[in-house]
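Participant: Sequence first, then the predicted structure:
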There are 2 protein chains.
Amino acid sequence: VLVGFGRVGRRVGEALHAEGQPLLVIEQQRDHLEELRALGIETILGNATREDLLAAANVAHARALLVAIPDAIEAGRIVHATREHNPGIEIIARAHTDSGVLHLETQGANRVVMGERELARSMLAML
Amino acid sequence: VLVGFGRVGRRVGEALHAEGQPLLVIEQQRDHLEELRALGIETILGNATREDLLAAANVAHARALLVAIPDAIEAGRIVHATREHNPGIEIIARAHTDSGVLHLETQGANRVVMGERELARSMLAML
């Protein structure tokens, strides 16, 4: 299950879909819906902080949840609710700050990616 | 030579310094200067778009230029001037958008890292 099909989520979703991985996207912007439909990716329209949407996405039986939205507070609520539904699910989330990373980990994320850290890592890897 | 010791540049600089790589940082904020001094990293204070600063940093004989500032227009000017001083230098820069990536490559960067792309790549690698 992938939450968010914006600038980061789109890249993640397209890569997983191209690999033939089973994928469900929760996206709240109608604009992105057509693109998802054109790609043939199963989509639920709405805000993933709504528990009925997480239930409809069947997070209780999903292998992984990828939270690719930029808002760490919303992301934290989604991570927390998903962790309650499924103690064993792999949760990977996204943050902008060190406090965002800590918040998402506290809410139940297994791994958190952080923009500045990943950029620095990539620059060093290119040297 | 590293330009910028902010959220990305700091991580890059600290890693290179810890590896014992010869490093010169150009940074325009006085706030970061004390931190750089405490680490024992050689620093030039000022805006790297000034050609005299690039000359003082001896980019003509440096092995690599890492541009870690968020402003793609300033970064482009620094990349362009450095490429003129040194056709063989490895230039790695940072952008926020696809057009920023293209701009920096056009100005002479060998490689450009982009936040959203690196985040997506990291999320996929963690799965």
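Facilitator: Arrived safely, thanks for sending.
Participant: Format the CA atom coordinates belonging to the top strand by length along chain A as PDB.
Facilitator: The longest strand of chain A (DSSP state E) is strand A:90-95. These are the backbone C-alpha positions of strand A:90-95, laid out as PDB (Å, rounded to 0.1, in the frame of the first residue of the first chain):
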ATOM      1  CA  GLU A  90       6.800  -3.100   7.200                       C
ATOM      2  CA  ILE A  91       6.300   0.700   7.400                       C
ATOM      3  CA  ILE A  92       8.500   3.100   5.500                       C
ATOM      4  CA  ALA A  93       7.800   6.800   5.800                       C
ATOM      5  CA  ARG A  94       9.300  10.100   4.700                       C
ATOM      6  CA  ALA A  95      10.300  13.100   6.800                       C
END
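Participant: Can you name the next helix or strand after that strand?
Facilitator: The element immediately downstream of strand A:90-95 (helix or strand, assigned by DSSP states H and E) is helix A:98-107.
Participant: and that following helix, which residues are buried?
Facilitator: A:Gly100, A:Val101, A:His103, A:Leu104, A:Glu105, A:Gln107 (16 or more other CB atoms under 10 Å in any protein chain shown). Every residue, glycine included, has its C-beta placed from N, CA and C.
Participant: Not counting residues beside it along the chain, what's closest to the third one?
Facilitator: It refers to A:His103. Spatial nearest neighbour of A:His103, excluding adjacent residues (CB to CB, 6 or more residues apart in numbering or on different chains): A:Gly76 at 5.3 Å.
Participant: Now do the helix or strand hosting the one you found: distance to the chain's middle.
Facilitator: Taking DSSP H and E as the definition, A:Gly76 sits inside helix A:72-85. Relative to its chain's centre, helix A:72-85 lies at 10 Å (CA atoms, centre = their mean, to the nearest Å).
Participant: Extract the C-alpha trace of that helix and format it as PDB.
Facilitator: The C-alpha coordinates for helix A:72-85 follow below in PDB (Å, rounded to 0.1, in the frame of the first residue of the first chain):
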ATOM      1  CA  ALA A  72       4.900  14.500   9.000                       C
ATOM      2  CA  ILE A  73       1.900  15.000  11.300                       C
ATOM      3  CA  GLU A  74      -0.600  13.400   8.900                       C
ATOM      4  CA  ALA A  75       2.000  10.700   8.100                       C
ATOM      5  CA  GLY A  76       2.400  10.000  11.800                       C
ATOM      6  CA  ARG A  77      -1.400   9.400  12.200                       C
ATOM      7  CA  ILE A  78      -1.400   7.100   9.200                       C
ATOM      8  CA  VAL A  79       1.600   5.200  10.500                       C
ATOM      9  CA  HIS A  80       0.100   4.900  14.000                       C
ATOM     10  CA  ALA A  81      -3.300   3.600  12.800                       C
ATOM     11  CA  THR A  82      -1.600   1.100  10.400                       C
ATOM     12  CA  ARG A  83       0.600  -0.200  13.100                       C
ATOM     13  CA  GLU A  84      -2.400  -0.800  15.300                       C
ATOM     14  CA  HIS A  85      -4.100  -2.800  12.500                       C
END
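Participant: tell me which residues of it are tucked away?
Facilitator: Under 16+ other CB under 10 Å, the buried positions of helix A:72-85 are A:Ala72, A:Glu74, A:Ala75, A:Gly76, A:Arg77, A:Ile78, A:Val79, A:His80, A:Ala81, A:Thr82, A:Arg83, A:His85.
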